[in-house]
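K.L.:
Make a model of this:
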Amino acid sequence: MAVEMGKEDQSLARDAANGDRKAFDQLVLKYEKKVYNLAYRMSGNYDDASELAQEAFIKAFKSIGSFRADSEFGTWIYRITLNVCYDFLRKNKKQAVISISEVGEDGYIIQNIQSNDITPSEYAESRETIREITEAIDTLKKEQRTMIILRDIEGFTYNEIAKILKISEGTVKSRINRARITLSNILSAKLEHLSPRSVKNIRKGG
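P.N.:
Numbering: from 1, shown residues only. Model (predicted):
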């Protein structure tokens, strides 16, 4: 997933900062699906995700004046969305129930488990694999869960994640590696039920 940014975003953000509501509405239309998807992966609930996405855009609108023109609006709104989700989970003392069953083509996990050229039995196994991975991800701590969601489910690049979280790209790679190792360890007792190809791809990373 590429964080989209260009002169159009900069111009719209600048106009929105000057009070142009229509300009901000255009930014919402451009990013609402990705913001909702991220909120859904973090909360695991459609209704919560809708409210969280709305809250993220409200916060963005209220603080658009602090948005730096040389920054990327996508990175900025995704960061706000994550913070909104963190606050929600903390206040409600909820453990997110992550769903990866509807992830698109960008996410590493789905790319390496499912294929269009698989038999019905292999498809059934891939769905079971997804269920096992989902349950394992749910047990990860917040930081590691976030890394898996951003990189392996939503498909953000290392550079994009670094910008969203305001950390170095090296730190991103290190944290993702540790998260994958933890995930692999959690899955170790279950991997014997999966095909050799699935096991290899889960452990390999990307």
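
K.L.:
next structured bit after the helix ranked longest in the chain?
P.N.:
Ranked by number of residues, the top helix in the chain under DSSP state H is helix 21-43. From helix 21-43 onward toward the C-terminus, using DSSP states H and E, the following helix or strand is helix 46-62.

K.L.:
do you know how far the most centrally placed residue in the chain is from residue 176?
P.N.:
Compute the mean C-alpha point of the chain, and by C-alpha atoms, centre = their mean the closest residue is residue 150, 3.5 Å away. In this view, residue 150 and residue 176 are 9 Å apart by C-beta to C-beta, to the nearest Å. All C-beta atoms are positioned from the backbone trio N, CA, C, and that covers glycine.

K.L.:
Mutual contacts of the two, please.
P.N.:
Common contacts of residue 150 and residue 176 (C-beta atoms under 8 Å, 6 or more residues apart in numbering): residue 161.

K.L.:
The residue nearest to the centre of the chain touches residue 156, doesn't it?
P.N.:
Yes - between residue 150 and residue 156 there is a contact under C-beta atoms under 8 Å: 4.7 Å.

K.L.:
which residues are in contact with both of these two?
P.N.:
In contact with both residue 150 and residue 156: residue 164, using C-beta under 8 Å, 6+ apart.

K.L.:
Can I get stretch 164-176 in CSV, CA atoms only?
P.N.:
Taking Å, rounded to 0.1, in the frame of the first residue of the first chain, the C-alpha atoms of stretch 164-176 are listed here in CSV:
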residue,chain,number,x,y,z
ILE,A,164,3.5,7.0,10.4
LEU,A,165,5.1,6.0,13.7
LYS,A,166,7.8,8.6,13.6
ILE,A,167,10.6,6.1,14.1
SER,A,168,13.6,5.1,11.9
GLU,A,169,13.2,2.6,9.1
GLY,A,170,15.8,0.4,10.8
THR,A,171,13.7,0.4,14.0
VAL,A,172,10.7,-0.5,11.9
LYS,A,173,12.5,-3.5,10.4
SER,A,174,13.7,-4.6,13.8
ARG,A,175,10.3,-4.4,15.4
ILE,A,176,8.6,-6.2,12.5
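
K.L.:
can you start the count at 44 instead of 1 from here on
P.N.:
Sure, I'll start numbering at 44, so the last one becomes stretch 207-219.

K.L.:
Appreciated, that's everything.
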